[in-house]
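>>> curious how this folds, go ahead:
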Amino acid sequence: MFGVSFGSSTVVLIYSKIRFQWSAVEQGYLVSTVNSTRVMGLVILLPLLIRFFRPKPATTGAGVLAPGKHHGCDTLDVYLVRLALVLETTGYALYGLANTPSSFVVGGVVASLGGIGSPTLQSSLTKHVPVTKTGQMLGAIALLHCIARVVGPTVFSYLYALTAKSFPQAVFVALGSLFCLAFLCAWFIVPGGKFSSLSLFYFYVFNHLVRGSILTHFARIF
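Okay, here's the model as predicted:
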């Protein structure tokens, strides 16, 4: 879902150099700040949210986890995905609206916190497929990430090149709009397994398309 950094990072650096006359030093500070925030979101924020808001699994009298089967993503998964999309949308909106270097950095920090959505959605996807097909699902997800790394920078750089003279913020407007659409689509994800595994996987593919990936389909893994 969340591989947009692969596609937009190049544009962010080019834009910051032209818009704010940043040197490699200032750009390095931006990259370090954004990546550090992303790491803190994954290492600190996400585990805390899971610890305090996810119900503990049922156990037997001996303290062993009670047997049972997956019933799809839970309520916390859904809300985390929606929160991540809101953060991504807000971050790229701030990128486009930034008039000062500090506000541009704030946009990067907010967008980077949206990184908590990627592991959450991957975990949710594995809950919607049989155990025997978990490996196929994770393999398809890994392939999506690889495609995003290759195609994303090309697509977003080309879009920026087309609009650099007339409206350089167009790439951020496009990303923010698509993430907003993804957020609306996220409201169709229902906790408790009522949302089909195929539909949830298509939602994952859509988010990668938003983030610069070109993909035909992987529905055959089902």
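
>>> lowest mean pLDDT among the helices and strands of this structure, which one is it?
helix 197-210 (a mean of 53; mean pLDDT, DSSP states H and E).

>>> in stretch 36-44, what's buried?
Under the neighbour-count criterion of 16 or more other Cβ atoms under 10 Å, stretch 36-44 has T37, R38, G41, L42 buried. (Glycine included, C-beta is placed from N, CA and C.)

>>> compute the first-to-last residue distance for that stretch.
Criterion Cα to Cα, to the nearest Å; first-to-last residue distance in stretch 36-44 is 11 Å.

>>> same thing with stretch 160-178?
Taking Cα to Cα, stretch 160-178 runs 16 Å from one end to the other.

>>> again, but for stretch 165-175
One end of stretch 165-175 to the other measures 19 Å (Cα to Cα).

>>> contact partners of that stretch?
Counting by Cβ atoms under 8 Å, 6 or more residues apart in numbering, stretch 165-175 makes contact with 4, 8, 11, 15, 18-19, 92-93, 95-97, 156, 159-160, 163, 210, all of which sit outside it.

>>> which parts of the strand or helix carrying L159 are buried?
Element membership for L159, per DSSP states H and E: helix 134-163. Buried positions in helix 134-163, judged by neighbour count with 16+ other Cβ under 10 Å: 137, 140-141, 144-145, 147-148, 151-153, 155-157, 159-160.

>>> out of the residues you listed, the closest to T126 would be?
Closest approach between those and T126, by Cβ to Cβ: M137, at 6.0 Å.

>>> what's the spacing between that closest one and Q122?
Between M137 and Q122 the computed distance is 9 Å (Cβ to Cβ, to the nearest Å).

>>> with K133 instead?
Using Cβ to Cβ, K133 is found at 14 Å from Q122.

>>> same check on Q136?
In terms of Cβ to Cβ, Q136 sits 13 Å off from Q122.

>>> could you do P101 as well?
Counting by Cβ to Cβ, the gap from P101 to Q122 is 34 Å.

>>> for R149, same thing?
Counting by Cβ to Cβ, the gap from R149 to Q122 is 16 Å.

>>> contacts for stretch 42-56 next, please.
With contact meaning Cβ under 8 Å, 6+ apart, stretch 42-56 is reached by D74, L76, L80, L113, G115, I116, P119, T120.

>>> I'd guessed the first one sits against P191; true?
If I follow you right, that is D74. Yes: counting by Cβ atoms under 8 Å, D74 touches P191, with 5.3 Å between them.

>>> okay, now the spatially closest residue to I116 that is not a sequence neighbour: neighbour count?
Excluding its sequence neighbours, the residue lying closest to I116 (Cβ to Cβ, 6 or more residues apart in numbering) is L46, at 4.6 Å. When neighbours are defined as other Cβ atoms under 10 Å, L46 has 19 of them.

>>> cool, L80 as well?
Counted with other Cβ under 10 Å, L80 comes out at 24.

>>> so which helix or strand takes in the nearest residue to it once chain neighbours are set aside?
Closest residue in space to L80, ignoring its immediate chain neighbours: T120 at 4.4 Å, by Cβ to Cβ, 6+ apart. Assigning secondary structure by DSSP H and E places T120 in helix 117-126.
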